[in-house]
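Asker: Okay, structure incoming, though there's no sequence with it:
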């Protein structure tokens, strides 16, 4: 076992800048100094030993001059010193001096002070020398009867570790501890004793539990936790015991300790799949989420609920608890609310959808006009999306939901309003019976819409779905009201000049009330300086958008006016009314064109918008049947196609999810009868406690790829050449936030290499945790050195360094072998993830770092190149399969991934096949990468550059 692999209990942070003291000065301080000086000297000795110094000459000095002292600090430091100091000679025999130490500790175990007794017992847990422990056994046993619980509980721990390591020293330990447990009153002592029995003699532990199973609720929480663990292990190994202990687990669900409730619920689910058990566990989880204040706890317990839902037979039970789950929405944290809404949506059924919608409507109303929390807007958006999904899955609910949501179109938060608009657009297309209600509501809120983007969408919906004469007239009235007095240019010039009289302004129809106020202010000379500000405020919305230079909304308005005018012509037989309506629509378009070309708006109208408005004017002046079809039928068909494609995609993803969840059993699979299963086979099932311990230690066994090339050997990096005096190679093991380098060092010379040290340094966001300790290598010997590196962010890192050593007997300076660089691959931290188109666009706009990579590959097929990039970058393609199918010589796709540190990475692939260069020409184009941090963008770009070309196997 190498020095690096020795079990270490004590880690002490050492300031590296100070010069290490000499052995003589330390000896002097330890012999002649006062207590304070001795304490400091002892600390220095401990640090030097931890750093690899031997200091054998100080051992006797410490025994003679420091060991007899009664100072508590020194006693505590001595425990650390005796733990780390080498206690054996090079041939493995115990040092003679240690007998003196042993005697000193026997006295400490009989010391009247309970702190000294207890800490000495803790120290004995760490001793691995049976010869030192043997004389102390009577004193350790005697400590079990000490008046103070601190001494008793440490005595139990000492007996447990000694029994586990050297059973012959105390063969009757289980019996001793069982008797101790029966008579003990202190909770921590009982917990330690019970813990020992679980691991040392499970039958005795069960006997004890059977005698006091009815009093379990009265025990302390630390003991209850250990009881839950025992019951789990017993029932896991021997399922016939379940009936005996399941009632006890049910009782522990009512414990006052949240930790006990959590463990009991988790154990109950693994022991029984009966609906009552699942319901009790789920109810317990929900209570925990609501009562616990820590958001991390809430998220962990929510994950357990989601795991429960994944099991098909448990899902039905959880559906009855949806209303309880929704109580979690009272938590202000957005992440918790997001998970809760997703879970509720997955569990919703026709039985509980009505109640769910009522709760969500109340939540939506609660968020109205509440701005004290920064996440309120995002939460409102989440609620809108959840209600949207409910209405699509259960169309009967749409009529209840729409009136509440339509109020949000006039909301200041554009994102929530956009979600409502998307929902309304889908609802009005799918549910014919709701069209009159939606149009009526839309007309009600139309004048209050504040955002130009929402205004455009609302105009489109009104233009597309107003089918009666009255509705069409209402839309025209609303547009006139929103546009203000026309012609716009003339009225604006008059206002600027101050020529308009109040009575003239009162006569203007749609903007009557607003203009009256404006006129009133205009006549008051005392307030004339505030006129421009007031005028800005009271401008009708559409007029305001146009004067701000946003003419895209004008193009949308032109299309809407054209649609409703063409529809009006088909509905109203009188020619005079037809012409009058058309003329009004054309007048509005013409006045907007005039405004666009004038100098009044902040930005002039774009050519695209001029073309669109001119086209609409031409269509209205000609009224050809073909244009009528295009405006009034084709538009709606294209929306219908888009919605059906979206629905199909959602169904496909749901189907994939359900296929993943369904446990398929093949017809020829063997049937497992629990009663006939051998005991050793039973234990092959995964032990939850063992798994959670491994996960905490970062030792979870990842499933290796099926490809034998992707085995451990792939991660071995050669650090030196075969002809170097020291050969080194490293296995790089990446485990989330830290990297373990397992370096094999081989002495290829015939000399003994002393103080052989691996010196490492890092580049990038990597940090070396500890300095590897020096080794002595015999001729042609080898050793393994482990080094830990912490990772702080997702970017390529480099570890470099050298191996330094002294040749035994040589007078020359230290020798040095420079190591090759180890490159840490960014792919170990990047995982595929998905997000909506809107989120992708928002992040694309926000992220400031962009890296443009030119495609340089030997792949000749577009789709094959895309798949190759996805595989080599670990990213997920957000562009649906349908959009990428077919062949047109060009392809564009959006890719997305997220790192384990929560950083997002976006990429846009734009590639084409240069047909003029022949069929064998490789793919050309660009990949644009965007990320929040520069390191992420550059690292991903480097990765794509390295792996673009397909290597021929």
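Answerer: Nice, thanks for sending it over. Predicted model only: the values in this text are computed from it and were never measured.

Asker: can we go C-alpha only for contacts and neighbour counts from here?
Answerer: Will do.

Asker: Pick out the least confidently modelled helix or strand of the chain, by mean pLDDT.
Answerer: Least confident helix or strand, the chain: helix 512-523 with a mean of 36, by mean pLDDT, DSSP states H and E.

Asker: now whichever strand or helix holds residue 263: how far from the chain's centre is it?
Answerer: Assigned by DSSP states H and E, residue 263 belongs to helix 258-271. The chain centre lies 24 Å from the centre of helix 258-271; the measure is CA atoms, centre = their mean, to the nearest Å.

Asker: what do you get for stretch 871-878?
Answerer: What separates the centre of stretch 871-878 from the centre of its chain is 18 Å, taken as CA atoms, centre = their mean.

Asker: Can you point out the buried residues in the helix holding residue 263?
Answerer: Of the residues in helix 258-271, 258, 260-269, 271 count as buried by neighbour count, 16 or more other CA atoms under 10 Å.

Asker: and it, what's its mean pLDDT?
Answerer: Mean pLDDT, helix 258-271: 84.

Asker: next helix or strand past it?
Answerer: As assigned by DSSP H and E, the chain's next helix or strand after helix 258-271 is helix 275-291.

Asker: Beyond that following helix, next helix or strand please.
Answerer: Per DSSP H and E, the first helix or strand lying C-terminal to helix 275-291 is helix 295-310.

Asker: Run the angle between that following helix and helix 258-271 for me.
Answerer: Calculated by axes from the mean of the first three to the mean of the last three CA atoms, to 10 degrees, helix 295-310 forms an angle of 10 degrees with helix 258-271.

Asker: Just the angle for helix 295-310 relative to helix 275-291, thanks.
Answerer: Between helix 295-310 and helix 275-291, the angle comes out at 160 degrees (the same axes, to 10 degrees).

Asker: What lies in contact with helix 295-310?
Answerer: By CA atoms under 8 Å, 6 or more residues apart in numbering, the list of residues contacting helix 295-310 from outside reads 262, 282, 285, 288-290, 292, 314-315, 318, 333, 335-336, 339-340, 343, 347, 661.

Asker: list the buried ones in it?
Answerer: 295, 298-299, 301-302, 304-306, 308-310.

Asker: So which elements touch the helix holding residue 263?
Answerer: With contacts taken as 3 or more CA pairs under 8 Å, 6 or more residues apart in numbering; DSSP states H and E, helix 258-271 sits against helix 221-237, helix 242-252, helix 275-291.

Asker: now the first one: how far from the chain's centre is it?
Answerer: Spelled out, that is helix 221-237. With CA atoms, centre = their mean, you get 31 Å for helix 221-237.

Asker: Same question for the shortest one.
Answerer: Centroid separation between helix 242-252 and its chain, computed with CA atoms, centre = their mean, is 35 Å.

Asker: cool, stretch 80-98 as well?
Answerer: That offset, for stretch 80-98, works out to 48 Å (CA atoms, centre = their mean).

Asker: Could you work out the end-to-end span of it for me?
Answerer: 15 Å (CA to CA, to the nearest Å).

Asker: cool, stretch 855-869 as well?
Answerer: 11 Å.

Asker: Report the buried residues of it.
Answerer: Using 16+ other CA under 10 Å as the test for burial, stretch 855-869 gives 855, 858-863, 865-866, 868-869.

Asker: Tell me the spacing between the residue nearest to residue 565 when sequence neighbours are not counted and residue 159.
Answerer: Nearest residue to residue 565 in three dimensions, chain neighbours excluded: residue 582, at 5.9 Å (CA to CA, 6 or more residues apart in numbering). Going from residue 582 to residue 159 by CA to CA gives 99 Å.

Asker: Look at the two and report which has more neighbours.
Answerer: Neighbours were counted for residue 582 and for residue 159 using other CA atoms under 10 Å; residue 159 has more, 28 against 21.

Asker: Just confirm the more buried one is within a helix.
Answerer: Yes: looking at residue 159 with DSSP: H, G, I helix; E, B strand; the rest coil, it is inside a helix.

Asker: Contacts only, for it.
Answerer: The contact partners of residue 159, taken as CA under 8 Å, 6+ apart, are 140, 170, 173.

Asker: In TSV: these, plus pLDDT and secondary structure.
Answerer: Converted to TSV, the contacts of residue 159 look like this (pLDDT from 0 to 100; DSSP: H, G, I helix; E, B strand; the rest coil):
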residue	pLDDT	secondary structure
140	88	helix
170	87	coil
173	87	helix
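
Asker: on that earlier part again, turn the buried residues of stretch 855-869 into TSV, including secondary structure and pLDDT.
Answerer: TSV is the format used below for the buried residues of stretch 855-869 (DSSP: H, G, I helix; E, B strand; the rest coil; pLDDT from 0 to 100):
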residue	secondary structure	pLDDT
855	coil	88
858	coil	84
859	coil	84
860	coil	84
861	coil	85
862	helix	86
863	helix	87
865	helix	88
866	helix	89
868	helix	89
869	helix	88
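
Asker: coming back round to it: now do the helix holding residue 263 and helix 221-237, the angle between them.
Answerer: Taking the same axes, to 10 degrees, one finds helix 258-271 and helix 221-237 inclined to each other by 10 degrees.

Asker: Between helix 242-252 and helix 258-271, find me the angle.
Answerer: Using the same axes, to 10 degrees: helix 258-271 against helix 242-252 is 150 degrees.

Asker: how near is the residue lying closest to residue 414 once chain neighbours are set aside to residue 410?
Answerer: Counting by CA to CA, 6+ apart, residue 451 is the residue found nearest to residue 414 once chain neighbours are left out, at 6.6 Å. Distance from residue 451 to residue 410, counting by CA to CA: 8 Å.

Asker: Residue 725 now?
Answerer: 77 Å.

Asker: before we move on, what about residue 600?
Answerer: Taking CA to CA, one finds residue 600 at 27 Å from residue 410.

Asker: Could you list the low-pLDDT ranges of the stretch 551-700 of the chain?
Answerer: 628-629, 632, 650-651, 653-669, 671-700 (pLDDT under 70).

Asker: can you give me the helices for it?
Answerer: 552-571, 575-597, 607-622, 625-629, 635-661, 679-682, 688-697 (DSSP state H, counting those that start in this stretch).

Asker: which of those helices sits most buried?
Answerer: Highest mean neighbour count of those: helix 552-571, a mean of 23 (counted as mean count of other CA atoms under 10 Å).

Asker: Which residues outside it are in contact with it?
Answerer: The contact list for helix 552-571 (CA under 8 Å, 6+ apart) reads 452-453, 455-456, 459-460, 462-464, 466-469, 472, 476, 545-546, 578, 581-582, 585, 589, 592, 609-610, 612-613, 616-617, 619-620, 623, 628, 631-632.

Asker: now the buried residues of stretch 855-869 in TSV, with distance to residue 485?
Answerer: Formatted as TSV, those follow (distance: CA to CA, whole Å):
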residue	distance to residue 485
855	55
858	64
859	62
860	61
861	59
862	55
863	56
865	58
866	55
868	60
869	57
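
Asker: The closest residue to residue 866 other than its chain neighbours - how many residues pack around it?
Answerer: Spatial nearest neighbour of residue 866, excluding adjacent residues (CA to CA, 6+ apart): residue 909 at 8.0 Å. Residue 909: 20 surrounding residues under other CA under 10 Å.

Asker: list the buried ones in the strand or helix carrying residue 24?
Answerer: Under the criterion of DSSP H and E, residue 24 resides in helix 23-32. Within helix 23-32, the residues that count as buried by 16+ other CA under 10 Å are 26-27, 29-31.

Asker: Noted, bye for now.
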